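Trainee: Got a sequence here, can you build the structure:
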Amino acid sequence: MDEEWSLRVDLAAAFRLAVEFNWHEAVGNHFSASVSADGRRFLLNPRWKHFSTIRASDLLRVDADDAETMRRAGAPDPSAWCIHGAVHRAVPQARVLLHCHPPYATALAALRDPMLKPIDQNTARFTGLVGLDRGYGGIADDEAEGQRIAAALARHPVLLMGNHGLSVTAPTVAEAFEHLYFFERASRTLLLAYASGQPLKVMSDAIASKTAADWREYRESAFAHFGQLKAMLDAKDGSYRE
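Mentor: Here you go, the predicted model:
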């Protein structure tokens with residue numbers, strides 16, 4: 001299997017898994033992955049295709065520098081081009097970019113204080129990794145919006161987008177999906193703790209930082225987790241590989 005096809009299969013699996021975890025939203029939201037060394041040529045889901053139906057062969061191959069992209073037949077969704085085009089153009093280390101609106105992360109993004117406080121291992125995992133974008137200006141469809149989001153993702157691999165949702169980046173699909181998976185779990189834990197009405201027991205900065213560092217020792221677990229999730233998909237419906 002060549003490198004691009006392997007990447008297509010992994011990205012298609014991420015779409016299907018987003019459905020399994022109920023992170024999808026109608027025929028919106030977008031995942032992408034770079035196929036060139038400079039990050040500017042990338043794979044992206046087609047416009048208005050439900051995540052549950054996406055196959056490896058369906059993914060568009062687009063060029064962030066191609067000004068004619070949105071004028072061609074089969075152009076991607078404008079908001080996808082706005083965000084993903086800007087990020088892959090400006091942030092080459094963001095090889096994979098997953099953007100969606102998972103319920104708990106999106107609820108956290110709607111709070112006046114949306115900071116992910118370190119109250120357990122999963123919330124502390126993200127110490128130093130999360131940026132907060134408070135500049136929401138409606139559905140992302142203009143150049144300035146994309147540039148602002150790209151600048152934020154250049155500083156942090158995880159971006160909680162105020163009044164919007166969540167974007168994560170990583171070198172591989174497996175690692176990006178792991179960010180998405182654990183951030184949604186962390187958001188759920190924090191919101192459940194808030195719902196108790198009792199004061200939070202927030203870790204010290206030192207313990208939160210140590211916990212985050214400890215998590216980095218488990219980097220390889222992302223690949224084991226993603227591989228087993230793909231095996232789950234294969235047992236149910238392996239058409240994402242087509």
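
Trainee: where do the strands sit along the protein?
Mentor: Taking DSSP state E as the criterion, the chain contains strands spanning 30-34, 41-44, 60-63, 96-100, 130-133, 158-161, 165-170.

Trainee: and the first one with strand 165-170, angle?
Mentor: In this structure, strand 30-34 runs at an angle of 20 degrees to strand 165-170, with axes from the mean of the first three to the mean of the last three Cα atoms, to 10 degrees as the basis.

Trainee: Counting by contacts, list what strand 30-34 packs against.
Mentor: Judged by 3 or more Cβ pairs under 8 Å, 6 or more residues apart in numbering; DSSP states H and E, the packing partners of strand 30-34 are helix 3-20, strand 41-44, helix 78-80, helix 86-90, strand 96-100. For glycine as for every other residue, the C-beta is placed from the backbone atoms N, C-alpha and C.

Trainee: would you turn these into CSV with mean neighbour count, mean pLDDT and distance to Ser204?
Mentor: Formatted as CSV, the helices and strands packed on strand 30-34 follow (neighbours: other Cβ atoms under 10 Å; pLDDT from 0 to 100; distance: least, Cβ to Cβ, whole Å):
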stretch, mean neighbour count, mean pLDDT, distance to Ser204
helix 3-20, 20, 98, 35
strand 41-44, 22, 98, 40
helix 78-80, 20, 91, 40
helix 86-90, 23, 95, 33
strand 96-100, 26, 97, 31
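
Trainee: quick one: contacts for the residue nearest to the spatial centre of the chain?
Mentor: Nearest to the geometric centre of the chain sits Leu98, at 2.6 Å (Cα atoms, centre = their mean). Contacts here follow Cβ atoms under 8 Å, 6 or more residues apart in numbering; on that basis Leu98 touches 14, 31, 167-169, 176-177, 179-180.

Trainee: ok, now Leu153?
Mentor: Neighbouring residues of Leu153 by Cβ under 8 Å, 6+ apart: 87, 91, 94, 97, 131, 159, 167, 169.

Trainee: Just give me the neighbour total for Arg71.
Mentor: When neighbours are defined as other Cβ atoms under 10 Å, Arg71 has 8 of them.

Trainee: ditto for Ser57
Mentor: Residues near Ser57, counting by other Cβ under 10 Å, number 11.

Trainee: mind checking pLDDT for the nearest residue to it once chain neighbours are set aside?
Mentor: In this structure, Ser57 finds its nearest non-sequential neighbour in Glu242, 6.0 Å apart by Cβ to Cβ, 6 or more residues apart in numbering. Reported pLDDT at Glu242 in the predicted model: 98.

Trainee: Would you mind confirming that Glu242 is in contact with Ala56?
Mentor: Yes - taking contacts as Cβ atoms under 8 Å, Glu242 lies within contact range of Ala56: 6.4 Å.
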